[in-house]
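>>> Structure for this input, please:
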Amino acid sequence: EVQLVESGGGLVQAGGSLRLSCAASGLRLDAYATAWFRQAPGKEREGVSCIRSSHDTTYYLDSVKDRFTISSDYAKNTVYLQMTSLKPEDTAVYYCARRPHCGSRLIFGSWGQGTQVTVSS
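Next up is the predicted model:
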């Protein structure tokens, strides 16, 4: 069964840090781009970051540049999102998904449960 499982969320004060993990099973993540998304209450889901290591490609939403870093450990079949200098507006459920490449709007598979990130002011 192909599955991506997000973890690492939690409650943190503004200015704090969290590292999210996206662990894959049933597939090799290095064959795809892996993207992080987030959805805040009452808002649409938005793309936050993306990585396709085979093409040395990364993408960041403008509002998270210089604060978030995406990385991959394909030996562990896992993609990470290191989040620093967190702000209350980063509060959302964070999801990961596969894409053919970071510029694509296509998502492979279905959304997982995500991981909740809550940043208190």
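>>> right, and Glu46 touches Arg38 too?
Yes: in terms of CB atoms under 8 Å, Glu46 counts as a neighbour of Arg38; the distance is 6.2 Å. The C-beta positions use only the backbone N, C-alpha and C, and glycine is treated the same way.
>>> Going along the chain, name the strands of the chain.
For the chain, strands defined by DSSP state E occupy the ranges 3-7, 10-13, 18-25, 33-39, 46-52, 57-60, 68-73, 78-83, 92-99, 115-120.
>>> so which of those strands gets nearest Phe108?
Checking these against Phe108 by CB to CB gives strand 92-99 as the closest, at 4.2 Å.
>>> Show me what that closest one is packed up against.
Packing contacts for strand 92-99, counted by 3 or more CB pairs under 8 Å, 6 or more residues apart in numbering; DSSP states H and E, involve strand 3-7, strand 18-25, strand 33-39, strand 78-83, strand 115-120.
>>> one more time with 10 Å, if that's ok
Using 3 or more CB pairs under 10 Å, 6 or more residues apart in numbering; DSSP states H and E, the elements in contact with strand 92-99 are strand 3-7, strand 18-25, strand 33-39, strand 46-52, strand 78-83, strand 115-120.
>>> tell me the mean pLDDT over stretch 56-65?
For stretch 56-65, mean pLDDT is 94.
>>> That should have said stretch 84-104, apologies.
96.
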